[in-house]
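Chemist: With the input below, show me the fold.
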Amino acid sequence: MKKLFYVAIIALMTLTYACGPKETIFELTSDSVISAPCEGGQYAITYNLVTEEANTVKAVADDKDMITSIDTQTEGLINIQVAENNTAQNREATILVSFGSKCFDVVVKQAAKTNEPEDPGDDNPDDDYIIEVEANQLLGTYYGANSMGESSLYWIILSKDGIVNGATTPNSEYFRLDIAAPAAADENNIRIPDGHYKLDINNTYESFSILKTSNTDYTYIDNYGEPWITQFTYAELDVYGNSMFLMAVVEDKEYHVSFNGDYTIEYKKLSETISSLTSDHEIDLSNCTGTVKCYGDYWGCGYCNWGIEFLCNDGLNEGTFLVLDFLTDANTNGASGFEGTYQSSGFMGNDPSQPNWGAYKFIPGFRLSDISNEMLGSVLVEYIDGIAVEQAPLYGGEFTITKNSNGTHTIVINATDDAVPAHKITLNWTGILQK
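Modeler: Here you go, the predicted model:
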């Protein structure tokens, strides 16, 4: 699964800090790789620090489910807690330790849980992969007739105790469905029309179908409030009055989700644009750190997906959050690297919810949910006092990533947002991209 690029309240970031040469001595004195058994435990990282700077040592892990605690209070020592690995796969996490502009990585590798022998009394081992969920919450939005056909669009979220005051809660799961159906019979009391709905892989927008768009998926909010998302590989939904039953296949699990109760669906007309910019915008990354990651063929389009993320060193309280989401070529293992010139992919003419995939294209920013500020693709957000005061998708134009001889990269952006008329979004940045 890929961490999605969220903005506003539910923000997914890998917190990192800028690195660069200085007179301060800051070096790792313990092993750069920690090997942990599946049971987990407490481990120590030691370092040598010689400095006259007034600063503090910071440490952050890219997997907070695996590294559940980091203590930097003791000089020269960092204590970490590795959680138990209950999965059948080995896993690893990277801890970035920084002091001012100096930093180093420590990798924690953890063994998988040993498989228990199959219970000879289990006559139906497939039952272990069927999960029953009695949803007691339904959050819904109706968008009326769509431009792709005669159907109307409904979007619902089913959850069990996962929604409080309209917001998500940690350690909760959500089943999100983008539905094409006949128009609502009563716009003052909107209901999902009775019938049998099946996942529509090709997004034909025919009535009584579940559209396979970015709004149809299984979403899990972890203990830290970070969302993880996985699309359905198969789904069917039965609706009869106020009763619904969803069967959805998610990776190696089959979910049976039932709902029975009254619910409210809001009628909402979509705004034309996402961008809140009122003029041209030059991106300021002077207090930001950049990271780059390869996601392989994440989008299932035959091209390698890369992501570059810039986060202000003050986190989401002040400054800039920038994501560049782009495709290279058919070497889905990332062998071609991420340098190059990328033009906006735009969206498919027969399905405006899907990017027009292609080699050396960037994915424009688009809403993940039409009832919040969550976005996917290439996006820009500016924060003041923890509030997103400006947001814009990188919608048109291009950007270039160049590798320099000293190990740095230069990124030049000449893009536009989705406003009419469009505003220019520009950047000329050179620095280190952390991996």
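Chemist: Cross-check the contact I'm expecting between residue 212 and residue 201.
Modeler: Yes: using CB atoms under 8 Å, residue 212 is in contact with residue 201, at 5.4 Å. Just so you know, the C-beta spots here come from the backbone N, C-alpha and C atoms, and that holds for glycine as well.
Chemist: Show me which of these two is the more surrounded one.
Modeler: Neighbour count, other CB atoms under 10 Å: between residue 212 and residue 201, residue 212 has more, with 21 against 12.
Chemist: show me what contacts the more buried one?
Modeler: 199, 200, 201, 202, 203, 231, 232 (CB atoms under 8 Å, 6 or more residues apart in numbering).
Chemist: what about 10 Å?
Modeler: Residue 212 makes contact with 178, 199-203, 231-233, 235, 351, 353-354 under the criterion CB atoms under 10 Å, 6 or more residues apart in numbering.
Chemist: Next: residue 131.
Modeler: Neighbours of residue 131 in contact, by CB under 10 Å, 6+ apart: 173, 248, 250, 253, 254, 255, 256, 257.
Chemist: ok, 8 Å please
Modeler: 253, 254, 255, 256.
Chemist: Mind listing the residues bridging to it?
Modeler: With DSSP bridges as the criterion, residue 131 is bridged to residue 255.
Chemist: could you measure it against residue 423, distance?
Modeler: Remark: distance between residue 131 and residue 423 (CB to CB, to the nearest Å) = 46 Å.
Chemist: Next: residue 414.
Modeler: For residue 414, the distance to residue 423 equals 12 Å [CB to CB].
Chemist: Those two: who's more crowded?
Modeler: Per other CB under 10 Å, whichever of residue 414 and residue 423 has more neighbours is residue 423, with 17 against 14.
Chemist: Report the residue ranges of every domain in the chain.
Modeler: 25-110, 129-267, 281-434 (automatic domain parsing).
Chemist: Out of those, which is closest to residue 275?
Modeler: Closest approach to residue 275 among those (CB to CB): domain 281-434, 3.7 Å.
Chemist: Can you report the mean pLDDT over the residues of that closest one?
Modeler: What domain 281-434 shows for mean pLDDT is 88.
Chemist: confidence score at the residue lying closest to residue 90 once chain neighbours are set aside?
Modeler: In space, and not counting its chain neighbours, residue 90 is closest to residue 112: 4.9 Å by CB to CB, 6 or more residues apart in numbering. Here, the pLDDT recorded for residue 112 equals 85.
Chemist: Kindly provide the distance from residue 112 to residue 65.
Modeler: Counting by CB to CB, the gap from residue 112 to residue 65 is 15 Å.
Chemist: Equivalent analysis for residue 434, please.
Modeler: Separation of residue 434 from residue 65 (CB to CB): 21 Å.
Chemist: more neighbours, these two?
Modeler: Neighbours were counted for residue 434 and for residue 65 using other CB under 10 Å; residue 434 has more, 19 against 15.
Chemist: Include distance to residue 273 when you put the domains of the chain into a markdown table, please.
Modeler: Formatted as a markdown table, the domains of the chain follow (distance: least, CB to CB, whole Å):
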| stretch | distance to residue 273 |
| --- | --- |
| domain 25-110 | 33 |
| domain 129-267 | 16 |
| domain 281-434 | 5 |
